[in-house]
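A.B. asks: Okay, predicted coordinates and the sequence, questions at the end:
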Amino acid sequence: MIGIVVIAHDSLADALLTTAKKIIPDFENVVALGIDSNAPVEKNRQAIAGAIAQVDKGDGVLLLTDLFGGTPTNICLSFLSPNKYEVISGVNLPMLLKLASGMQSKPFDEVIPFIQQYGERNIVIASRVLHGKIER
């Protein structure tokens with residue numbers, strides 16, 4: 001089972017995961033970690049390493065971060081390892097819900113591009129969708 005660590009500034013990761021678990025209560029092998037960008041880098045890095053260890057079952061770990069170029073993502077980049085750990089920046093609730101609905105049992109190398117594209121597809125301009133100007 002793929003492990004998931006949601007890593008974001010302050011309490012954003014907790015809020016995203018709490019909301020996802022309200023919708024899909026049996027979402028498992030996932031943890032949230034809030035990063036204080038004013039804390040020492042090594043302290044944050046150790047916290048991320050601990051979170052990874054919690055969910056790493058040998059099938060790969062997705063590190064889902066809030067903002068590319070931000071402290072959470074920058075620290076996570078040091079964990080990148082082909083077929084083992086991957087960072088996807090721009091985490092959103094649709095991505096978490098899709099992962100919770102059975103994606104964690106799929107092959108790691110298939111989930112990575114799928115979940116990135118899924119997250120993008122779920123960013124919409126409501127007026128265009130409602131007026132049929134784009135298809136979802």
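C.D. replies: Good, I have the coordinates. Residues are numbered from 1 along each chain as shown.
A.B. asks: Measure how far the worst-scoring helix or strand of the chain on mean pLDDT is from the centre of its chain, please.
C.D. replies: Lowest mean confidence among the helices and strands of the chain (mean pLDDT, DSSP states H and E): helix 126-130, at a mean of 88. The chain centre lies 26 Å from the centre of helix 126-130; the measure is C-alpha atoms, centre = their mean, to the nearest Å.
A.B. asks: Same question for stretch 91-110.
C.D. replies: On C-alpha atoms, centre = their mean, the centre of stretch 91-110 falls 9 Å from that of its chain.
A.B. asks: again, but for stretch 108-118
C.D. replies: 11 Å.
A.B. asks: For that stretch, what does the pLDDT average out to?
C.D. replies: Average pLDDT, stretch 108-118: 98.
A.B. asks: Show me which positions of the least confident helix or strand of the chain end up buried.
C.D. replies: Buried residues in helix 126-130, counted by 16 or more other C-beta atoms under 10 Å: none are found. No exception for glycine: its C-beta is placed from N, CA and C like everyone else's.
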